[in-house]
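**Q** After the sequence you'll find the predicted model.
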Amino acid sequence: MKAIHWSPTKNKSAILEKGIQIQDTWISATLATPFKNLNRWWLDFLLNDQEYLGFVFELNESDFPLVHDHWVIDTHKEYDDDYKIISKRRYTLKEILNSNPKSVFPSIKQLKKNYKETIICRIGDSTEEGLTLESYEERLSLGKKYIQKSKKKAIKDFIDNSDFMEFTFEDYQLLLFKNIAPERIVKVIKPNTNYQYNELMNEIKESL
């Protein structure tokens with residue numbers, strides 16, 4: 001299971017020498033996929049005018065616990081009487097665990113399980129019946145039934161579909177609370193590199 005940390009090009013030498021280090025509470029990354037637009041979604045969303053590079057690294061069990069969820073994890077802010085921000089800081093792992101425990105994962109196994117179930121649930125959402133369901137369990141069950149009817153069609157229409165996968169995971173963040181040693185960086189990519197990491201998706205497809 002690989003991840004990509006995007007950082008301004010000017011940081012390349014420091015990162016390759018010292019690794020990816022926590023600058024403010026956590027390291028932000030995204031899980032690597034076969035889809036270029038999903039891998040670089042955050043760069044496009046932020047519309048940053050700096051040049052960036054992607055530092056690809058393999059996730060280890062030692063990186064856990066970590067956070068993987070929608071961009072709901074922001075900063076704690078304090079306001080004055082006029083509702084102007086007087087201070088702000090990023091939430092800690094403990095605070096996230098208390099407020100949003102489902103976004104915190106203790107192991108690679110649990111993260112992979114959730115990633116797979118998120119895809120299946122979204123497949124359920126994409127059916128006509130799924131539009132009427134609110135329960136996560138019902139939508140997940142519906143997605144499983146759809147896959148059972150035609151696994152090949154489900155893979156072709158959804159799992160191998162870059163638009164569907166971007167819709168499913170476009171604003172997901174991976175937050176790590178430990179530094180990444182330089183020797184763990186396996187590749188450095190440019191934003192337009194068609195980097196394809198298929199191992200996770202192949203594993204999911206085989207397990208359906």
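**A** Nice, I can see it.
**Q** Low-confidence ranges, the chain, go.
**A** Counting by pLDDT under 70, the chain shows low-confidence ranges at 47, 72-75.
**Q** Farthest from the middle of it: give me that residue.
**A** Relative to the centre of the chain, and counting by Cα atoms, centre = their mean, the farthest-placed residue is Asp81 at 36.7 Å.
**Q** Secondary structure element holding Glu95?
**A** Glu95 is part of helix 93-99 when elements are defined by DSSP states H and E.
**Q** The next helix or strand after that helix pairs with which strands, and in what direction?
**A** Remark: after helix 93-99, the chain's next helix or strand is strand 104-105, criterion DSSP H and E. Strand 104-105 has its sheet partners listed here by DSSP bridges as strand 66-70 (antiparallel).
**Q** And for the helix or strand that the strand it pairs with is followed by, what's in contact with it?
**A** Taking DSSP H and E as the definition, the helix or strand that follows strand 66-70 towards the C-terminus is strand 75-79. Strand 75-79 is touched from outside by Ile85, Ile86, Ser87, Lys88, Arg89, Arg90, Tyr91, Glu95, with contacts defined as Cβ atoms under 8 Å, 6 or more residues apart in numbering. C-beta here means a position set from N, CA and C on the backbone, and glycine is covered the same way.
**Q** who touches the residue nearest to Lys102 when sequence neighbours are not counted in this structure?
**A** Counting by Cβ to Cβ, 6 or more residues apart in numbering, Asp69 is the residue found nearest to Lys102 once chain neighbours are left out, at 7.7 Å. Shown in contact with Asp69 (Cβ under 8 Å, 6+ apart): Asn100, Lys102, Ser103, Tyr172, Gln173.
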